[in-house]
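Colleague: Structure, please.
(chains A and B)
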There are 2 protein chains.
Amino acid sequence: MNATLDGGVVRASGDARQRFHDARGYGRASGPDVTLARVEAAHLLYRGDLDSISGMDFRAFFRDSVASEDAFAARFLVYADLRERGFYLAPAREGWPGSDRERGDGEDTAGRDGNASGGGGSDADILVFERGEKPGGPVDHRVRVLGEREELAAAALAGQTLAVVDEESEVSYFACATGGGFDGRTEYDLPAAIDADLLDDRVVCWSPPGDLYESAFYGQPISGRDDADVDALQLSLVEAADLAARGAVELDADEVIERGRAVEGERFDRRLSVYRELRDRGVVPKTGYKFGADFRTYDAVETVAELPHSERLVRVVQPDHRFHPRELALDVRLAGGVRKRMVFALAGDDSNDYLTVDRLTP
Amino acid sequence: MNATLDGGVVRASGDARQRFHDARGYGRASGPDVTLARVEAAHLLYRGDLDSISGMDFRAFFRDSVASEDAFAARFLVYADLRERGFYLAPAREGWPGSDRERGDGEDTAGRDGNASGGGGSDADILVFERGEKPGGPVDHRVRVLGEREELAAAALAGQTLAVVDEESEVSYFACATGGGFDGRTEYDLPAAIDADLLDDRVVCWSPPGDLYESAFYGQPISGRDDADVDALQLSLVEAADLAARGAVELDADEVIERGRAVEGERFDRRLSVYRELRDRGVVPKTGYKFGADFRTYDAVETVAELPHSERLVRVVQPDHRFHPRELALDVRLAGGVRKRMVFALAGDDSNDYLTVDRLTP
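Modeller: Sure thing, here's the model as predicted:
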C-alpha cells in the first residue's frame, strides 16, 4: 500500500483506516481515511505495512523526516521500542488520541510532534496508553524523548516519563514523580547543651549521652571497635548545625554554619535546609557519600544496633538545576543497585521540593 | 605514662621504647627513648597507653594538634582505622620507618606529616606495611588521606591508595594503579565502503554485511526484535568516525568528526581518540551510558550472539582533570556493583594514559 505526504502528515486511503487505525491504533481517522504522523507512517513503512510514501521508501522517508522534524530519529526509536513492547501509543499532538484537545482536521505544520508548540499543552512527545487500552483510553505514561546529550530542567520533570536514547540507540526509561515518598517515624528526645568542639571541618562531642547516637542516630563514635579510652562522638557540620540550632550542643549555630560555608560554599546552606526538614519530619538523614549522594535516609530508626536498611538516596540540587541524562542514569542506576530509591531535593530559598526518579523496564 | 611535646614531635622515655616502638611499631627509636609523630601519640593517648602529653589529655592534645597540623583530624581517623584493622603503619615522614631517607634525629618543624614538603619525597601521608611485617618492612600501601571535599589531580593518583574521610568520619579506600589492564583479543575483518547516511547525531548503514555487527560489534541494528522489513544498522558518531577513517563506511571522516564536535564539543575528540586506541588494541568499546560512563569494554568478542560480560567501564577525562572524591566514589561503587573495573582514560593531545581505580576493603 502507498500513502501520501501532505503538509507534515501522511494520508492513506482504501482499507488503511480499518487496517492501521481501527485494528492497530495508528493515526487518527479522517472520514474514510487515516491521517498518520510522520513517526507512525515511518513505523508502518519500516514494518513493510506501507510500501512507499509519495514515492519514498523507508530510507528516503526517514531522511526526509530527520530533515523536517526536530529529533525525529530519537522519537522514531522510542516509538518503535514501545510498539515492540506491545503498547498502544500516539504522538502527543493536537488532534491525536489522548491529547487534551482534538481538532477537526489533520493539518499541522511540520515541527516536533507534540512539544510545547504543538498540541496537548505538555512537554510530552509520546503518550503511552495503559496495557490493554486502545488509543484515547487512560494514559499510563507521558513520554518525553531525550537524546543522551540534551540537558533537562529538574523543575520540568515531575509527572513525566523520560525516554533517553543513548548514542548507540538504546532506550532507557525513567519515571519522575513529585515528592520524596518519605514516611518519617523516628522518635527521640534530644539532650541539652552537650560539651563540643568545632575542629576543622567536623565537631567532636565529649562524653555525650548514649542516646544521641544510639537512638537519634546523630554522629559517629570516634571509634566503636577497639578498647578506646575516649568517649567521644564526631558530628558532621550539618549535624552539628542542626543540633546547635535545637540547643542540643553547646556551640553557636551561626559559627558552625560559617564553617560549613567556608568548606563547601552555598551548597552547605542547601544541604542543611534539606537535612533540617527531613529531621523535622521524623526522617534520619546520614551521609550518602559512599553512594555519591548527599544523604541516605531512614524512615524509622529504633536503635542503631538494629538499624534498618536505608530506603532512599537524596541528592540536593539548586531549583534551577539542569540534569545531564548521563548523571541521572548514574544516580538512578546506583540507587537501584543498592535497593534504594533516588530522590532529588530541589532546595529553594523558602522551601524544598522533592522528585523521585525510578528506572522503568516497561 | 606521660610524654612530652617537643617541637612538633612527642618524646617518651622509660620503658616507652620497648612498649611502643619495639613491641607495637609506634614511632622511631631515639637512643633509649622513642620519638612519636603527633598522630601516633594521639593514638596512644586515645587507647589509654599514654596518660598525658605535656599535661594535655586526649581532648586537649587533639585540639592542639588540629590547630598545629593540616588535616590532622582526618589523618588521625585513618591512622586509627588502619591500626584497628591490624596493620603496622608509620607516618610517611622523613626519618620514620619506611620513608625513603632516614635522618639521625627526630627534630621536625610542625606541618603535615609526610606531605611533599616533608620526608620521603612522595604525596603519601601514611605507609602501611604488608600484613605480618613490622615498620620498615615492605610497604603495601602508600596512603594519601583526603577529606571528601578536597579535589585531587588525576595525574597524581597512580600508585597511591586514597583514604577518603567522609563528613561523618567513615573512611573509604581506593587503590589507584597505572594502566587500564586491557587484554584485547578481538579479531575481525572490516568491509569496505558501506553505504551510510549521516542523520542528526547518528549514522545509519543500509544493508551492511552481517559481520560488522555480529563479529566486529559495531553499531546496533535499527531493530532486532520484530519482523522489520528494513535491514539497517545504526552507528554512534564515534563508531562512524572510526569506521570512516578505516575506509569501512562511505562517509567523509572529517564530516563525521565535525558533527561530533557540533553535538558534544571537544569532548568528542577525546572520546574518539580513546575509542580508536582501544579498537587498535583489539578491545571493543561500546557505550557506557547506562552506567554513567563513556564506554564499557570487551576484551574478546567472538560473536555478539555469545557476548561475554564486559570487563571495564571507561570514563574519559582531560589530562588535567581533578577528581572530586564524591564522583570517584560514585563511579567506582557503580562499577563494582556491576562486576566491572573502573578505568579513567586521561586523553592527551598525543597519547592517552589509563588509571584503574578499585575500592579496597582492607
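Colleague: just the helices in the stretch 251-362 of chain A please.
Modeller: Applying DSSP state H, counting those that start in this stretch to the stretch 251-362 of chain A gives helices spanning A:253-264, A:267-280, A:325-337.
Colleague: and of those helices, who's closest to chain B?
Modeller: Of all the helices of the stretch 251-362 of chain A, helix A:325-337 sits nearest to chain B, with 2.6 Å by CB to the nearest CB. All C-beta spots, glycine's among them, are computed from the backbone N, C-alpha and C.
Colleague: Off-centre distance for the closest one?
Modeller: Offset of helix A:325-337 from its chain centre (CA atoms, centre = their mean, to the nearest Å): 10 Å.
Colleague: returning to what we had before: using CSV, lay out the helices of the stretch 251-362 of chain A together with distance to chain B, mean pLDDT and mean neighbour count.
Modeller: Below are the helices of the stretch 251-362 of chain A laid out as CSV (distance: least, CB to the nearest CB, whole Å; pLDDT from 0 to 100; neighbours: other CB atoms under 10 Å in any protein chain shown):
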stretch, distance to chain B, mean pLDDT, mean neighbour count
helix A:253-264, 6, 96, 17
helix A:267-280, 10, 97, 20
helix A:325-337, 3, 90, 21
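Colleague: now those as a markdown table including distance to residue B:35?
Modeller: Listed next are the helices of the stretch 251-362 of chain A as a markdown table, based on distance: least, CB to CB, whole Å:
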| stretch | distance to residue B:35 |
| --- | --- |
| helix A:253-264 | 33 |
| helix A:267-280 | 39 |
| helix A:325-337 | 46 |
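Colleague: what's the closest non-adjacent residue to residue A:283?
Modeller: Distances taken as CB to CB, 6 or more residues apart in numbering or on different chains put residue A:184 closest to residue A:283, at 3.8 Å, once the chain neighbours are dropped.
Colleague: ugh, wrong one, residue A:47
Modeller: residue B:229 (5.8 Å).
Colleague: Helix, strand or coil: sort out that neighbour for me.
Modeller: coil (DSSP: H, G, I helix; E, B strand; the rest coil).
Colleague: if I look at the closest residue to residue A:285 other than its chain neighbours, how far off is chain B?
Modeller: Leaving aside its sequence neighbours, residue A:285 sits nearest to residue A:295 (CB to CB, 6+ apart; 3.9 Å). According to CB to the nearest CB, to the nearest Å, residue A:295 and chain B sit 10 Å apart.
Colleague: Pairing-wise in the sheet, spell out the partners of residue A:295.
Modeller: Beta bridges link residue A:295 to residue A:287, residue A:314 when assigned by DSSP bridges.
Colleague: residues touching the closest residue to residue A:172 other than its chain neighbours, list them.
Modeller: Ranked by CB to CB, 6+ apart and with sequence neighbours excluded, the top spatial neighbour of residue A:172 is residue A:164, at 4.9 Å. Listed by CB atoms under 8 Å, 6 or more residues apart in numbering or on different chains, the contact set of residue A:164 reads A:146-148, A:171-174, A:325, A:328-329, B:289.
Colleague: Where does the record place the domain boundaries for chain A?
Modeller: Listed by automatic domain parsing, the domain ranges of chain A are A:2-147, A:188-264.
Colleague: Could you work out the end-to-end span of the first one for me?
Modeller: End-to-end distance of domain A:2-147 (CA to CA, to the nearest Å): 31 Å.
Colleague: swap in the shortest one?
Modeller: Using CA to CA, one end of domain A:188-264 lies 30 Å from the other.
Colleague: is it true that residue A:218 touches residue A:238?
Modeller: No. Taking contacts as CB atoms under 8 Å, residue A:218 lies outside contact range of residue A:238: 10.3 Å.
Colleague: re earlier: pretty sure the residue nearest to residue A:283 is touching residue A:278, no?
Modeller: Yes. Residue A:184 is within contact range of residue A:278, at 7.1 Å (criterion: CB under 8 Å).
Colleague: Kind regards, and thank you for your time.
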